[in-house]
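K.L.:
all I have is the shape, not the residue letters:
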Ligand code: PFF
């Protein structure tokens with residue numbers, strides 16, 4: 001395989017694995033995209049931000065910003081066939097642009113560390129609930145008990161830290177092994193199962209919950225709730241859920257073979273991810289409204305609602321157990337992709353092996369994650385930008401770092417990368433290419449900047 005820019009192929013390029021084919025990539029990228037962001041975060045963000053207004057802006061952001069950024073990110077990765085920091089430097093060199101573009105890759109690695117530190121703590125909640133579900137402790141549980149159970153978990157710093165430790169270990173073991181057939185195969189088996197369980201939950205929502213209200217809450221256009229904060233949150237969620245803006249898709253793209261159309265595969269991934277979020281949202285809100293619970297319960301929303309569904313449906317112990325197994329798996333396939341840019345960068349830029357790099361990067365993230373776990377209890381009073389550590393990290397990463405990273409990626413793909421090179425990678429028809437090119441040059445960057453500006457109040461003065 002020849003590297004762009006010609007010359008000798010360096011060893012890290014030669015030793016990198018590849019997805020088995022298009023399906024393998026679509027599954028791995030969907031595995032990255034579909035995770036806690038869809039099942040845990042999307043429903044509570046929708047609840048907190050007023051429902052339909054948030055959902056509609058979110059969908060618009062996916063179409064106008066998310067999809068074009070995703071295509072750009074995958075194409076940069078595939079063209080360079082290197083870790084994100086190195087990829088940006090190589091492509092900048094190829095285009096005779098500043099080598100400082102590599103800072104985009106480095107910033108992405110930092111964003112990934114921040115995200116994984118709290119993502120792993122939330123995945124730990126799911127592990128805890130997996131055990132509870134398997135012991136039948138949700139049997140006939142009511143709204144109050146479910147809320148109390150979750151509050152009890154948050155108050156227990158040791159327990160949170162232990163689950164977080166286990167999840168980090170699971171993640172780093174897989175990352176240490178490199179591009180893995182095992183995971184690709186597991187993705188093939190488990191993603192359909194996740195869909196099946198989701199359909200079951202939806203069915204429960206229709207029969208036992210208030211699906212009509214859930215639908216109107218999520219889709220009846222109500223723009224009175226639209227504020228700059230809601231718009232920014234929707235854009236941040238679009239970035240988070242599609243795994244874009246921090247180099248994860250770039251890293252995955254770098255393992256993609258040259259003959260696959262990026263335009264098409266990115267569409268599949270974005271569509272699967274969006275459908276998943278909408279269905280999960282409908283299932284959760286049907287249960288919320290059916291049980292008279294508060295839709296704006298924040299990050300605990302899913303932890304309050306799902307146990308009720310499982311505790312009250314026939315066969316709920318088994319289904320609940322399966323659901324939490326699968327949600328942990330969905331989180332796992334995402335967490336691996338969050339760690340991948342940092343680990344591949346560390347292994348390729350230092351003398352460390354991939355396994356050693358996983359220990360170093362994983363160790364740092366684990367330590368930060370312990371602070372996040374304690375921020376729910378022992379360190380509750382600690383404040384960063386006026387928020388608790390968990391909220392501050394999520395806000396900083398999703399609403400600031402990912403959109404900024406995305407802005408840089410589209411700027412590079414639209415203005416620095418030559419049109420011929422972009423076309424070579426995307427492999428799509430002329431019309432679609434022209435549409436993508438003008439979107440990444442004009443539309444996506446302008447939308448991202450305007451959303452930032454609206455928040456700082458510059459627009460209103
Ligand atoms: N997209 C993942 C989710 O929705 O859970 C989270 C995520 C993965 C964010 C990879 C960022 C990333 F680079």
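P.N.:
Sure, I can see it. Quantities reported herein were computed from a predicted structural model and do not represent experimental measurements.
K.L.:
who touches the closest residue to residue 165 other than its chain neighbours in this structure?
P.N.:
Sequence neighbours aside, residue 366 is the residue nearest to residue 165 in space, at 6.7 Å (criterion: C-beta to C-beta, 6 or more residues apart in numbering). From N, CA and C alone the C-beta is placed, and that goes for glycine too. Neighbour list for residue 366: 120, 164, 165, 168 [criterion: C-beta atoms under 8 Å, 6 or more residues apart in numbering].
K.L.:
try it again with 10 Å
P.N.:
116, 117, 120, 161, 164, 165, 167, 168, 169, 171, 172, 359 (C-beta atoms under 10 Å, 6 or more residues apart in numbering).
K.L.:
please name the nearest non-neighbouring residue to residue 57.
P.N.:
Residue 57's closest residue in space is residue 234 (C-beta to C-beta, 6+ apart), at 3.9 Å.
K.L.:
now the element after the helix or strand hosting that neighbour, going C-ward?
P.N.:
Per DSSP states H and E: residue 234 is located in helix 228-241. Counting by DSSP H and E, the next helix or strand C-terminal to helix 228-241 is helix 248-253.
K.L.:
and the ligand, is that next one touching that?
P.N.:
Yes: using C-beta under 6 Å from any ligand atom, helix 248-253 reaches the ligand at residue 248.
K.L.:
check which residues of the helix or strand following that helix are buried.
P.N.:
Beyond helix 248-253 on the C-terminal side, the first helix or strand identified by DSSP H and E is helix 262-290. Using 16 or more other C-beta atoms under 10 Å as the test for burial, helix 262-290 gives 262-270, 272-274, 276-290.
K.L.:
likewise for stretch 126-141?
P.N.:
Across stretch 126-141, burial judged by 16+ other C-beta under 10 Å covers 126, 127, 128, 129, 130, 132, 133, 137, 138, 141.
K.L.:
among those residues, which are in helices?
P.N.:
126, 127, 128, 129, 130, 132, 133 (DSSP state H).
K.L.:
pLDDT and distance to residue 455 added to the residues you listed, as CSV?
P.N.:
Shown next, in CSV, are those (pLDDT from 0 to 100; distance: C-beta to C-beta, whole Å):
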residue, pLDDT, distance to residue 455
126, 97, 32
127, 97, 35
128, 97, 35
129, 96, 35
130, 94, 38
132, 93, 39
133, 91, 40
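K.L.:
of these, which is the nearest to the ligand?
P.N.:
residue 126 (11.5 Å; C-beta to the nearest ligand atom).
K.L.:
surely that closest one and residue 334 touch.
P.N.:
No: using C-beta atoms under 10 Å, residue 126 is not in contact with residue 334, being 11.9 Å away.
K.L.:
tell me which helix or strand residue 115 sits in.
P.N.:
Using DSSP H and E, the element containing residue 115 is helix 102-134.
K.L.:
mind listing what's buried in the helix holding residue 234?
P.N.:
Neighbour counts over helix 228-241 (16+ other C-beta under 10 Å) mark 228, 230-241 as buried.
K.L.:
tell me where the model's unsure across the stretch 101-250 of the chain.
P.N.:
Low-confidence regions of the stretch 101-250 of the chain, defined by pLDDT under 70, span residues 178-187.
K.L.:
grab the nearest non-local neighbour of the residue in the chain that the ligand sits nearest to.
P.N.:
At 2.1 Å from the ligand, residue 37 is the closest residue in the chain, using C-beta to the nearest ligand atom. In this structure, residue 37 finds its nearest non-sequential neighbour in residue 241, 4.2 Å apart by C-beta to C-beta, 6+ apart.
K.L.:
can you pull the contacts of the spatially closest residue to residue 240 that is not a sequence neighbour?
P.N.:
Of all residues not flanking residue 240 in the chain, residue 398 sits nearest, at 4.6 Å (C-beta to C-beta, 6+ apart). Residue 398 is in contact with 37, 41, 45, 111, 114-115, 232-233, 235-241, 245, counting by C-beta under 10 Å, 6+ apart.
K.L.:
who in the protein is up against the ligand?
P.N.:
Counting by C-beta under 6 Å from any ligand atom, the residues of the chain near the ligand are 32-33, 35-38, 115, 240-241, 243, 246, 248, 334, 337-338.
K.L.:
so where's the stretch 351-461 of the chain uncertain?
P.N.:
457-461.
K.L.:
the helices in it, which residues?
P.N.:
Assigned by DSSP state H, counting those that start in this stretch, the stretch 351-461 of the chain shows helices spanning 354-374, 389-394, 402-411, 419-426, 430-438, 444-456.
K.L.:
tell me which of these sits most buried.
P.N.:
Of all those, helix 402-411 has the most neighbours on average by mean count of other C-beta atoms under 10 Å, namely a mean of 24.
K.L.:
what's it packed up against?
P.N.:
When contacts are defined as 3 or more C-beta pairs under 10 Å, 6 or more residues apart in numbering; DSSP states H and E, helix 402-411 packs onto helix 67-80, helix 84-94, helix 102-134, helix 228-241, helix 248-253, helix 444-456.
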